[in-house]
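Asker: dropping the sequence and predicted coords here.
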Amino acid sequence: MKEVRTRFAPSPTGFMHLGGLRTALYNYLYAKKNGGKFILRIEDTDQERFVEGATEVIYDTLRGCGMDWDEGPDIGGDYGPYVQSDRKDMYLPYAQQLVEKGAAYYCFCTKEELDERRAACEAKGEVFKYDKHCLNMSKEEVQQKLDAGVPYVIRLNCPTEGETTYEDVVFGKLTFPNDTLDDMVLIKQDGMPTYNFANVVDDHLMGITHVMRGMEYLSSTPKYNLLYNAFGWDIPEYVHLTTVMRDAQHKLSKRDGDAYYSDFIEKGYLKEALINYLALVGWNPGDDREFFTMDELIDVFDIHRLNNSPGIFDMNKLDWMNTQYIAKMDPEKYLEMGTPWFDKVLAGKNIDYKRLAELMQGRTEVFNRVPAMVEFLAEMPEYELELYTHKKMKTNPEVAKESLELVKPVLEGIQDWTESNLHDAVMEAIASSGKKNGAVLWPLRIAISGMASTPGGAFEIAYLLGREETMARLEKSMEKLAENA
RNA sequence: GGCCCCAUGGUCAAGCGGUCUAAGACAUCGCCCUUUCACGGCGGUAACUCGGGUUCGAGUCCCGAUGGGGUCACCA
């Protein structure tokens, strides 16, 4: 059996779209699953779009996610170069070969002429298709123009009758009427190949066996096949992937800040969670498992379980999955990742980050939500007296006042300000007072945090705050209670 | 608009003619646990787009309608 060779062929835009990342992932998984090769090729035939540092973004993202390529621009390989602009001289001869075979032809129509004809067509509400105007030019006439240096493009000569059928792994048999096929340009006026042409030539030259790409290429694939056939090359297996959507009618988009890998990383999503979730949009293992490491994905990945209907990228589920990954991560790693987020609001506050991290790890959904959750430690927030009212805890401002009066001297008597000392002393006082735990602990926590919910109970918060700050906050809250009594 | 693709709960989805009075997960709701929140546990609400066929039998096959998406560049 032939070695499986897949490829990821992004154009360097400076950003990695999640849809693209998923395409890369599936290509990677399939290659690894079959002991094949995963190739990275940069498609930069459009010189006007060149973006500085864009290839690095691609490298960093793929490597960061654990998708190492076997051949690529930076590491080479037997089929290089792997950057299309470095291969630009390779394409014209292939196009000329097609012209000789009669499968393609020179076209001297100018852009302006074409635009005019296109506009006229649209005005009549018709679909514009190149009319093969230059197809029947005599050989001599063509040569004459070529010799005279008249600018030209080379076009594919598509059939106008019949239909083309091909097989796609996820969509099955696909049939297109030939009269909808446009004579696409193969070589542009500047001598560079078009994306479509370079793609076919490169895929063949690089021995790509499985072409996995977005389904937006579904309807141009018949033209690709025309090319393969004209050259007498083997047609690769096609695996068209559905679109990753934001909702039923929109793709993930740049505008909403939810399209790029970097957007998510900056918000504090873990790349492992992102990859894991992304793998599940449009594919499933056939059983109930949802958590996978890269190696596990390689193990279970099956190209035949790819879905053929578009999937919506569910932020809710991503959040949930991210929460799970964070909860399971190494505590030291959490501390390391969480520290910059703590620093945003707690820098210079002398808070025990290690303890804070322990308390926060199980409550963190996405790191960018961390600062808002811990900010109260830096400064006591303004709060409403209503916070003291909690039916289940059997407390209200009245009860709170009493409870705090009970607890204050106890706290003052604690020598060594540790959580367990705090706990033991206060619990003992509560027990001997005959009060309910909640009726004391809820008010205490409110009094020193000003928050309905905090990343820990009264003792944890008191510990984090330290003795001095805790007592200061407590006294202030007691005054507030007294004033409003 | 032409052509192409798609169609199970709010979302991801299992299902590949009978075992579907349709699995699981997220979200949502309720209860339990608990010094808050969260975690966790238990339970609930919630779907085969519609209409024709084919068949003894259809979520599963066919046709049509509807809805959604894609594509129609000397962009990739």
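Answerer: Perfect, I can see it now.
Asker: contact partners for the closest residue to A:Leu385 other than its chain neighbours?
Answerer: Using Cβ to Cβ, 6 or more residues apart in numbering and skipping residues adjacent in sequence, the residue nearest A:Leu385 is A:Pro397, 5.2 Å away. The way it works is simple: take the backbone N, C-alpha and C, and place the C-beta from them, glycine included. Counting by Cβ atoms under 8 Å, 6 or more residues apart in numbering, A:Pro397 touches A:Leu385, A:Tyr388, A:Thr389, A:Leu481, A:Asn484, A:Ala485.
Asker: phi, psi of the residue in the stretch 351-485 of chain A that RNA strand B sits nearest to?
Answerer: Relative to RNA strand B, the nearest point of the stretch 351-485 of chain A is A:Gly457 (2.5 Å; Cβ to the nearest atom of the strand). Dihedral angles phi and psi of A:Gly457 (degrees, to the nearest 10) take the values phi -90, psi -170.
Asker: the one 3 residues further on now?
Answerer: Main-chain torsions, A:Glu460, degrees, to the nearest 10: phi -60, psi -40.
Asker: touching, it and A:Leu356? I think so.
Answerer: No. With contact defined as Cβ atoms under 8 Å, A:Glu460 does not reach A:Leu356; the gap is 9.0 Å.
Asker: the more surrounded of the two?
Answerer: Per other Cβ atoms under 10 Å, whichever of A:Glu460 and A:Leu356 has more neighbours is A:Leu356, with 23 against 19.
Asker: residues contacting stretch A:344-351, please?
Answerer: For stretch A:344-351, contacts defined as Cβ under 8 Å, 6+ apart pick out A:Phe342, A:Pro371, A:Val374, A:Glu375, A:Leu377, A:Ala378, A:Leu464, A:Gly466.
Asker: check stretch A:407-421 too.
Answerer: Residues contacting stretch A:407-421 (Cβ under 8 Å, 6+ apart): A:422, A:425-426, A:429, A:440, A:444, A:459-460, A:462-463, A:466-467, A:470-471, A:474-475, A:478.
Asker: try it again at 7 Å.
Answerer: Stretch A:407-421 has contacts (Cβ atoms under 7 Å, 6 or more residues apart in numbering) with A:422, A:425-426, A:429, A:440, A:444, A:459-460, A:463, A:466-467, A:470-471, A:474.
Asker: please apply the same query to stretch A:183-203.
Answerer: A:41, A:43, A:45, A:84, A:88, A:91-92, A:94-95, A:104, A:130, A:132, A:151, A:153-158, A:211, A:220, A:223-224, A:227-228, A:236.
Asker: switch to 8 Å and redo it
Answerer: Under Cβ under 8 Å, 6+ apart, the answer for stretch A:183-203 is A:7, A:9, A:11, A:41, A:43, A:45-47, A:84, A:87-88, A:90-92, A:94-95, A:98, A:104, A:107, A:111, A:129-130, A:132, A:135, A:151-158, A:208, A:211, A:220, A:223-224, A:227-228, A:236.
Asker: narrow these to those in strands?
Answerer: A:Arg7, A:Ala104, A:Cys107, A:Val153, A:Ile154, A:Arg155, A:Leu156, A:Val211 (DSSP state E).
Asker: could you report the neighbour count for the fourth one?
Answerer: Close neighbours of A:Val153, defined as other Cβ under 10 Å, add up to 23.
Asker: enumerate the beta-bridge partners assigned to it.
Answerer: Here A:Val153 sits in beta bridges with A:Cys107, going by DSSP bridges.
Asker: which residues sit in contact with it?
Answerer: A:Tyr106, A:Cys107, A:Val185, A:Leu186, A:Ile187, A:Lys188, A:Gln189.
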